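In: The sequence and its predicted three-dimensional model are supplied below.
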Amino acid sequence: MDKLTVENVNHPGKTERVNGEKYLAMRDAMLSVLSRKSEPVDQTTIKEAVKPLLPQALFPGGATSGWWVKCVQLDLEAKGKLARTSDKPLRFYLTKEDGNG
């Protein structure tokens, strides 16, 4: 799979090109985890919950999954599909516009 362009909510207008296969695998895992939760979820919980959902061929033993959680989180926030709480520790939840893409 080719690279995908991702956005960063902290740097509007700036984009990066990332591995599309890894991005999509992580996005799907994160959406699965977050869609099962009725309350916002902190970053550590997301990182641990996605690991068993990731393809071992792309993330052997969960390798680099933390970086990819952050990459996808910032991109989904920039696209309005994910939002964060204002309190600490930050917790994340899907917006009403989460959809599938």
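Out: Received, thanks. Numbering: from 1, shown residues only.
In: now stretch 59-74: mean pLDDT?
Out: In this model, stretch 59-74 has a mean pLDDT of 96.
In: in that stretch, what's buried?
Out: For stretch 59-74, the neighbour count (16 or more other Cβ atoms under 10 Å) marks 59, 65, 68-69, 71-74 as buried. Just so you know, the C-beta spots here come from the backbone N, C-alpha and C atoms, and that holds for glycine as well.
In: likewise stretch 49-58?
Out: Buried, per 16+ other Cβ under 10 Å, within stretch 49-58: 49-51, 54, 58.
In: Tell me where the protein has helices.
Out: Under the criterion DSSP state H, the chain contains helices at 20-35, 43-50, 65-78.
In: Burial check on Thr45, number of neighbours?
Out: Other residues near Thr45 come to 15 when the count uses other Cβ atoms under 10 Å.
In: Distance of it relative to Asn19?
Out: Relative to Asn19, Thr45 is positioned 24 Å away (Cβ to Cβ, to the nearest Å).
In: Ser65 too?
Out: Distance from Ser65 to Asn19, by Cβ to Cβ: 13 Å.
In: Backbone dihedrals for the residue at the greatest distance from the centre of the chain, please?
Out: The C-alpha centroid of the chain is most remote from Asp87, which lies 19.5 Å away (Cα atoms, centre = their mean). Backbone torsions for Asp87, taken as degrees, to the nearest 10, come to phi -90, psi 170.
In: can you start the count at 450 instead of 1 from here on
Out: Sure thing, new numbering starts at 450, so read that last one as Asp536.
In: I'd like the distance between it and Ser487.
Out: 17 Å.
In: next one: Pro501
Out: Distance, Pro501 to Ser487, using Cβ to Cβ: 21 Å.
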